[in-house]
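Student: below is the sequence, then the predicted model.
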Amino acid sequence: MNAGAELRHAARGLDPERVVRALDQAFAAWRAPESQWRRRLAEALELYSREVLDEGIVRGLEHWNADALRAIRSREISGHVRPPELTALWLAGAIPPAAFSAIALPLLAGSAVYARPSSSDSHGPALFAASLTDADPAVGACVALGQDEQLLDQADAVVAYGRDETLESVRSRVPAARIFVGYGHRISVAAVGREADLVSAAEQVAHDVSLYDGRGCLSPAYVLVDDAPRGRARALAEALAEALEYLRGKLPRGRLQPGEEAALHELRATHAMSEATRVWLSRDGTDWGVLLGLESIRPPPGLLRNVPVVPVTGSQGLARWCAGLAPHLSSLAVGGWPDAAGALARIGLQSGASRLCPLGALQLPRLEWRHDGRGAIEPLLRSLDVEPEGAR
Amino acid sequence: MRRELDERSLSLIGEGPDARPDDARFAALALDMFAYQYQHNAPYQRLCDALGRQPERVSDWTQIPPVPTGAFKEARLACFAPERDVRVFRTSGSTTAERGALHLDTLALYEASLLATFDAYLCQGERLRFAVLAAPASEAPDSSLSYMFDCALRELGAPGSRFWVHTGGWEPDALCEELRSQQQPLLVAGTAFAFVHLVDQLAARGERLRLPPGSRVLETGGFKGRSRELSRAELHGAIEHALGVPCERIVNQYGMCELGSQFYEDSLVRGRASQVKRVPPWVRTRVVDPGSLADLPPGEPGVLVHYDLANTGSVLAVQTSDLGRQCDGGFEVLGRIQGAEARGCSLAADLLLGGAA
């Protein structure tokens, strides 16, 4: 039996509740105070400091449990549906919880998973699969990792993450009759309103920036600040610089490649030399930077804990700025804005965001999050509508 | 102040590349020049302020903040007004916005530096006939390379020296005849990609030349996507095969538009092939950690940062995108820093957004 057939066989007839319990146990094992999985990941993945991985995984998986898993199933599975027997995953990036959920959700739908890890992180997916086997070998047997492109071609469904070109290249290999779900690169934004306490808002934003060193789609690419009364954006920038310096010790940045360092030096120098920008930069290294610009100029997005702060004028200014990021906006973190429920949701929807969350929670999405506005497992399912006789 | 700095630099350069390096003299001039540039170069002043490195806080020349070469595209890094520009050298690129620039209000230091090193490491006091495989400065006015060749040819070349490449193309038949017919040693100088075209041309003709003994070759400037790319060893081997100039007489020059000085391999000085770039006494080159910019131990690879006292009117400290390592008598270039891998969404986001709003 080849690997694809083995995976299909393993998933066939597996009780969904058993999958829920295995995933629940695996998530708990990653959250545990002395988790061997976090320790092993930190030893293998040099991209992040141990502190960042601990904070990101413990807090990120806080609400990832059996209740959340069951809630997804009951929200998205109704009527006559058939999951794919085998889902091929084309992973991207290096955010461990993102890889965990990418593997967990097809399993939750009832599918076996064959995952091709990203070039940046093969360790997270492999260790998560091992933790599933540890929780329940029968569920662990439904997951395999590798680079076997034939297996990717044999899958009933393909889920791909990555750059638009990668998605197009993968999509072109998937026959029309099979399911393809693509998640392209996105950026996220933190927005500080006029009612926010600036010091605490800065601390929360700094946390969002520092977790995973600004590498994720959920890292704030811009920090927008309602600059009324005038000067609040500058005050927020100063407070953010202090908070980032504090987190430099508490959540140290991982080691960068020389090319990343070179890009940061250039970015920081370019902003520092500009008359239109006021900057606050970490000393003795490129660890963090706060780059305060003008509302009328969109600077390049933040890079590795070096983040632009942009003053905006009220909710209208926020809406205008976010609209300029459509359709690439993923999550919008907000704090201190009036009428948060109504106006901000409209701004988020109009700019293509699929998630509105508090400041400080950007990197901690719920498992139930409808990534890119689609169901967590529903896009993988084939539905059958049954029209009753005599209904016409 | 500026005139005094220029005179002090010119005096140092005038003592030649083989003068004994005087660390105290270099340090004093570098710190004075930094103070001047901080005061007169507004974008640079803003950078120094952001880094907390104002002249009164800098007591050692290694603390002078370097400017990454990429930032030369974004700001006019000059200590004088645009109307005083006598020359602007630009990096390669298809549009002005993509090109870094070195603004000069005098060519005296640039010429003094280039002639001193060109003569010391290539001509060695001999007046050679030059065959230059690059366009003259009249046809490429913003090319520092063309200016360098132009100046060297004018001041150091023997009668009959000339350029063989023009903006409209090159003259392969006439060039081959020139190379074939010479009885006296030649200096063949040009860009790496021009040499690729020359050796390919000779190969296509089934011809191998034997330039007169004492001839030498200077190659520089890389390939820039304008020919097939060869490693240094492959290129030097191909030149040796095609022109009959032994590898120990083929010299690579390393320079950049943002610097007033250039660096040469010391093969001719040593009498054997060498990859060591000599650093003249008016320049210091540090090999530093890519992040902290702290000095690395000798031999360890790191980013090259140059402090060039010929850069009186711009910034003297330039952070390159090149990796290298310190070695006896100079440094070796190990290659370009590879671009940041897209290991995070934010790195791809700029492409998604497609520039400024």
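Tutor: Yep, that arrived.
Student: for residue A:197, which non-adjacent residue is spatially closest?
Tutor: Spatial nearest neighbour of residue A:197, excluding adjacent residues (Cβ to Cβ, 6 or more residues apart in numbering or on different chains): residue A:336 at 7.4 Å. For glycine as for every other residue, the C-beta is placed from the backbone atoms N, C-alpha and C.
Student: for the one you found, give its distance to chain B.
Tutor: Separation of residue A:336 from chain B (Cβ to the nearest Cβ, to the nearest Å) stands at 24 Å.
Student: so what's that residue scoring on pLDDT?
Tutor: We have a pLDDT of 94 for residue A:336.
Student: what about it, neighbour count?
Tutor: Residues lying near residue A:336 (other Cβ atoms under 10 Å in any protein chain shown) number 19.
Student: residues touching it, list them.
Tutor: Counting by Cβ atoms under 8 Å, 6 or more residues apart in numbering or on different chains, residue A:336 makes contact with A:192-197, A:201, A:226.
Student: using CSV, write down the CA coordinates of stretch B:20-39.
Tutor: Taking Å, rounded to 0.1, in the frame of the first residue of the first chain, the C-alpha atoms of stretch B:20-39 are listed here in CSV:
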residue,chain,number,x,y,z
ARG,B,20,53.1,53.5,6.4
PRO,B,21,49.6,53.7,7.8
ASP,B,22,49.3,56.3,10.6
ASP,B,23,46.4,55.3,12.8
ALA,B,24,46.4,58.5,14.9
ARG,B,25,46.5,60.7,11.8
PHE,B,26,43.7,58.7,10.2
ALA,B,27,41.6,58.8,13.4
ALA,B,28,42.0,62.5,13.9
LEU,B,29,41.1,63.3,10.3
ALA,B,30,38.1,60.9,10.3
LEU,B,31,36.7,62.4,13.4
ASP,B,32,37.1,65.9,12.1
MET,B,33,35.5,64.9,8.8
PHE,B,34,32.6,63.2,10.6
ALA,B,35,32.0,66.4,12.6
TYR,B,36,31.9,68.4,9.4
GLN,B,37,29.7,66.0,7.6
TYR,B,38,27.3,65.8,10.6
GLN,B,39,27.0,69.6,10.5
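Student: and the residue in the stretch 201-350 of chain A positioned nearest to chain B, backbone torsions?
Tutor: Residue of the stretch 201-350 of chain A nearest chain B, by Cβ to the nearest Cβ: residue A:215 (2.9 Å). As for residue A:215, its main-chain torsions (degrees, to the nearest 10) stand at phi -90, psi -10.
Student: ok, it - how many residues close by?
Tutor: 25.
Student: same question, residue B:294
Tutor: By other Cβ under 10 Å, the residues close to residue B:294 number 12.
Student: quick one: residues in contact with the worst-scoring helix or strand of chain A on mean pLDDT.
Tutor: When the helices and strands of chain A are scored by mean pLDDT, DSSP states H and E, helix A:149-154 comes last with a mean of 80. Residues from elsewhere that reach helix A:149-154 (Cβ under 8 Å, 6+ apart): A:3-4, A:86, A:88, A:90, A:114, A:116, A:158, A:170, A:173.
Student: with just CA atoms, put that helix into PDB.
Tutor: The C-alpha trace of helix A:149-154 is given here as PDB (Å, rounded to 0.1, in the frame of the first residue of the first chain):
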ATOM      1  CA  GLU A 149       4.600  15.800  -5.200                       C
ATOM      2  CA  GLN A 150       2.800  12.800  -6.600                       C
ATOM      3  CA  LEU A 151       1.000  12.400  -3.300                       C
ATOM      4  CA  LEU A 152       0.000  16.100  -3.500                       C
ATOM      5  CA  ASP A 153      -1.400  15.400  -7.000                       C
ATOM      6  CA  GLN A 154      -3.400  12.400  -5.700                       C
END
